[in-house]
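**Student:** Could you work out the structure for the sequence below:
(chains A and B)
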Amino acid sequence: AQSVTQLDSHVSVSEGTPVLLRCNYSSSYSPSLFWYVQHPNKGLQLLLKYTSAATLVKGINGFEAEFKKSETSFHLTKPSAHMSDAAEYFCVVSDGTNAGKSTFGDGTTLTVKP
Amino acid sequence: NAGVTQTPKFRVLKTGQSMTLLCAQDMNHEYMYWYRQDPGMGLRLIHYSVGEGTTAKGEVPDGYNVSRLKKQNFLLGLESAAPSQTSVYFCASSYSLGGLNTEAFFGQGTRLTVV
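**Tutor:** Take a look at the predicted model:
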C-alpha cells in the first residue's frame, strides 16, 4: 500500500531564506512522486515530478526535490524564498497499487515573511 | 488552451437540494477524477473514471454520483445536499491512471456551501 506524510503542516520563512518542505512516503514498489502547489483560491499546479529517472528533480520557479530511497523521503527545497511562494504544497505518491490511484499528503502551508 | 474547466465556481445550496458540477477537459485524457478538499485533510478522491462510460468509487463516494457520457466531460451530482458536503471540489484529468509517471491537471475548483 502507498502512503505519504508531510511532516509539517505549516512552515514560515523570511523572504530570501531557504525553503524546506518535508515529505516521507511509503510504497512497496517503485513510486512516482509529485509536488503540487496551490495558491489561494486556485487549483493545483504541478511543481515537479520524480518518475525513476534522475533522483534530483528540478521544477518550476526554482524549486527542486531529491528522491532518497534509503530514507523514503522526497523533500522540496528552494534556495531563496520569494513572497509569491506563499501557498499550500502537496506531496503525492503513486505506485500503481491502490487501484492505480494517487495518494495526497495533507498539505504544508508556506508563509513567507517580508 | 483551456485545460480543465469547472462550472460553477461558487454555489450555495440548502440542505436537501440537488445540484450537478460539470468538469470539461480538452486534452483528450482518458482518466478523470473528482476530489474534495477540506482543511487539514488534503485532497480525498470521491469518484473517478478510466474512460467514457465508466466510473468507479474513490475514497469518499457516499452522497455523490457521477457520469461520464462523453470523454471530455465528467459530472458530479449531489442528490440531497448535506452540510457535511460543504467543501471545495476539484476535478482533474490525466493521461495515465492515478498519475503514474504523468501528472494530473486540475481545474480551478468549485466552492460549495450547504446551509
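
**Student:** Just checking, which helix or strand of the chain averages the lowest pLDDT?
**Tutor:** Unless you meant another one, I'm taking chain A. For chain A, using mean pLDDT, DSSP states H and E, the weakest element among its helices and strands is strand A:103-104, scoring a mean of 88.

**Student:** Chain B was what I was after
**Tutor:** strand B:104-106 (a mean of 89).

**Student:** Show the model's pLDDT score for residue 22.
**Tutor:** As the question left the chain open, I've gone with chain A. What the model reports as pLDDT for residue A:22 is 98.

**Student:** meant chain B, my bad for not saying
**Tutor:** 97.

**Student:** Repeat that for the one 4 residues further on.
**Tutor:** Per-residue confidence (pLDDT) for residue B:26: 95.

**Student:** wait, isn't it in contact with residue B:71?
**Tutor:** No. Using C-beta atoms under 8 Å, residue B:26 makes no contact with residue B:71, being 10.5 Å away. Glycine gets a C-beta too; all of them are placed from N, C-alpha and C.

**Student:** Just want to know which of these two has more residues nearby.
**Tutor:** residue B:71 (16 against 12; other C-beta atoms under 10 Å in any protein chain shown).

**Student:** which residue packs closest to that one, ignoring adjacent ones?
**Tutor:** residue B:52 (4.4 Å; C-beta to C-beta, 6 or more residues apart in numbering or on different chains).

**Student:** What of residue A:110?
**Tutor:** residue A:11 (5.3 Å).

**Student:** Quick check: the one you found vs residue A:107, distance?
**Tutor:** Distance, residue A:11 to residue A:107, by C-beta to C-beta, to the nearest Å: 11 Å.

**Student:** try residue B:75
**Tutor:** As judged by C-beta to C-beta, residue B:75 and residue A:107 stand 27 Å apart.

**Student:** Tell me which of the two has more neighbours.
**Tutor:** Remark: of residue B:75 and residue A:107, residue A:107 carries more neighbours, 24 against 18, as counted by other C-beta under 10 Å.

**Student:** who touches that one in this structure?
**Tutor:** With contact taken as C-beta atoms under 8 Å, 6 or more residues apart in numbering or on different chains, residue A:107 is in contact with A:6, A:9, A:38, A:88-90, B:40, B:42.

**Student:** residues in chain A within reach of chain B, list them.
**Tutor:** A:9, A:32, A:34, A:36, A:41-46, A:49, A:51, A:90, A:92, A:94-96, A:98-102, A:104-107 (C-beta under 8 Å from any C-beta of the partner chain).

**Student:** just the buried members of these?
**Tutor:** A:32, A:34, A:36, A:43-44, A:46, A:49, A:51, A:90, A:92, A:94-96, A:98, A:100-102, A:104-107 (16 or more other C-beta atoms under 10 Å in any protein chain shown).
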